[in-house]
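**Q** From the sequence below, what's the structure:
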Amino acid sequence: MKRLFSPLLAVLITLGLSFGLGGCVTTGLPVAATSPWQPVALSTTSNPLDVAFSDANHGFLVGSNRLILETDDGGASWEERTLDLPEGENFRLISIDFSGADGWIVGQPGLLLHTADAGQSWERLLLDTKLPGDPYAVTATGRGSAELATTVGAIYLTNDAGITWQAEVSDAAGAVRDLRRSSEGHYVSVSSLGNFFATWEPGQAVWQPHQRVSSQRLQSMGFQPDGNLWMVTRGAQLRFNDDAADPEAWSKPVIPITNGFGYLDMAWGPDGDVWTGGGSGTLLVSHDGGSHWERDPVGAVQPTNFNRISFSSDGKGFVLGERGNLLRWVG
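**A** Down below sits the predicted model:
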C-alpha cells in the first residue's frame, strides 16, 4: 500500500504546485529556427553596462573597470578608448546617452562626464558633495541639457551643460536596485531589497510607492512601448501591466521556462517581439506579447549572464553580457 500511494502523492504535489503558481509555466521551450543576433568580439573581460550612439554609425559602449569602447560601423566592431581619469580610481561607467553630438556618461563613485563633440573629448564635471546617492542613470534631452538620476532616486535637470542643476524631486525614493526612464520622462524604480517599487512623473513633488504584487521580490522594472510597465521578479517570473494609469494592475505571472536561472531584463524589439534575458545564456523571445516563448539559439551558447537588452528608436539592438560578451541585432 505504501508503494502504491507514493507515486500518487508525487503527482498530487506536482499538480498542486502548478495550480499554485497561477500563471503560464513550462519546463521546456522550442529553439527558434534562426536568430536575429550576432556575437561581437570584444577585447575585454569587463562587463558592458550601457551603449549609446551619437549618429547612425558612431557610438560608445561603457562598463565596469573604466571600460569605454568606440564604434564607427554601427556596433559591428569596437575599439578601446581611454578617459582622462585618476589612475588610482576604478570607476564603473554605468550609463551613457547622446542627443546628437551632445553626450553624457555617469559612473560610480561620483563621476559625471560631458561631451559637446560626439566624444572626441570629454570634460569631467564636479558633483556637489551633498548630492543624494551616486549617479545611476543619465538621459541627454537636448544640446547642453540632461536629466541625472541617482541611486536613491534623486532627479536633477541641467540646461547649461552641467554648470547648474535643478532638483526635480523634493523627496528621494530611497536606495534603489533598478531605475528606468520612459521616453516621456516618467520613471520607475525598484527598492534595494526588491520589496516595493515607486513611480514618478514630471510635476510630481515626490515618488509614489507601490507594493509588489506577490511574495516574490522584484528584480527589475521598465516601460513597454505603449508606456505600460513590465516587471521581472525572483523565481523567474514576468508580469505585464495593461493600464499606464494604474501601476498596481498586473497580469498573472508568466514563467516561460523553469531552468533554474532568473531573468534580469526585458525589452521590445523593432518588430514588436518581446525579449527577456538572464543567467547562463538565457535569451528568450515571444512573438505574441508574452503568451508563448522560444529560446534564441545564439544566446543559448554564450558563456555569460545577460544583464541588459537595449534597443534604440532607429532599430539598433544589443544584448549586454558579463565578461565582455555582446550580441548585436542584425534582424
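**Q** How many residues are close by Arg239?
**A** 22 (other CB atoms under 10 Å). Heads up, the C-betas are built off the backbone N, CA and C, glycines and all.
**Q** Packing partners of the helix or strand it falls within?
**A** If you go by DSSP states H and E, Arg239 is part of strand 237-240. When contacts are defined as 3 or more CB pairs under 8 Å, 6 or more residues apart in numbering; DSSP states H and E, strand 237-240 packs onto strand 229-233, strand 254-255.
**Q** can you confirm Val298 is in a helix?
**A** Yes - the assignment for Val298 by DSSP: H, G, I helix; E, B strand; the rest coil puts it in a helix.
**Q** Would you mind putting the CA coordinates of the strand holding Arg239 into PDB?
**A** C-alpha atoms of strand 237-240 as PDB (Å, rounded to 0.1, in the frame of the first residue of the first chain):
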ATOM      1  CA  GLN A 237       8.500  35.400 -13.200                       C
ATOM      2  CA  LEU A 238       7.400  38.100 -15.700                       C
ATOM      3  CA  ARG A 239       4.400  40.300 -15.300                       C
ATOM      4  CA  PHE A 240       2.800  42.900 -17.600                       C
END
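**Q** Pull the distance from it to the chain's centre.
**A** Taking the mean of its C-alpha atoms, strand 237-240 sits 15 Å from the chain's own mean (CA atoms, centre = their mean, to the nearest Å).
**Q** The helices and strands packed on strand 237-240: which one's closest to Trp293?
**A** Evaluated over the helices and strands packed on strand 237-240, closeness to Trp293 peaks at strand 254-255, with 8.4 Å, by CB to CB.
**Q** I'd like to check what contacts the following helix or strand past that closest one. Which residues are they?
**A** Per DSSP H and E, the first helix or strand lying C-terminal to strand 254-255 is strand 263-268. Applying CB atoms under 8 Å, 6 or more residues apart in numbering, the contact partners of strand 263-268 are 219-220, 222, 224-225, 230, 232, 236, 238, 274-279, 282, 305-311, 317.
**Q** picking up where we left off before, wait, which of the helices and strands packed on strand 237-240 is closest to Ala116?
**A** Checking the helices and strands packed on strand 237-240 against Ala116 by CB to CB gives strand 229-233 as the closest, at 34.5 Å.
**Q** partner strands of that closest one, parallel or antiparallel?
**A** strand 218-223 (antiparallel), strand 237-240 (antiparallel) (DSSP bridges).
**Q** Quick one: mean pLDDT for that strand?
**A** Strand 229-233 shows a mean pLDDT of 97 in the predicted model.
**Q** now it against strand 263-268, angle please.
**A** 160 degrees (axes from the mean of the first three to the mean of the last three CA atoms, to 10 degrees).
**Q** Buried ones in strand 229-233, by neighbour count?
**A** Applying a neighbour-count criterion of 16 or more other CB atoms under 10 Å, the buried positions in strand 229-233 are Leu229, Trp230, Met231, Val232, Thr233.
**Q** which residues sit against that strand?
**A** For strand 229-233, the surrounding residues in contact (CB under 8 Å, 6+ apart) are 188, 194, 197, 212, 214, 216-224, 238-241, 244, 247, 250, 253, 262-266, 276.
**Q** which residue sits closest to His186, ignoring its sequence neighbours?
**A** The shortest distance from His186 to any non-neighbouring residue, by CB to CB, 6 or more residues apart in numbering, is to Glu201 (5.0 Å).
**Q** and that neighbour, what does it touch?
**A** Glu201 neighbours (CB under 8 Å, 6+ apart): Gly185, His186, Tyr187.
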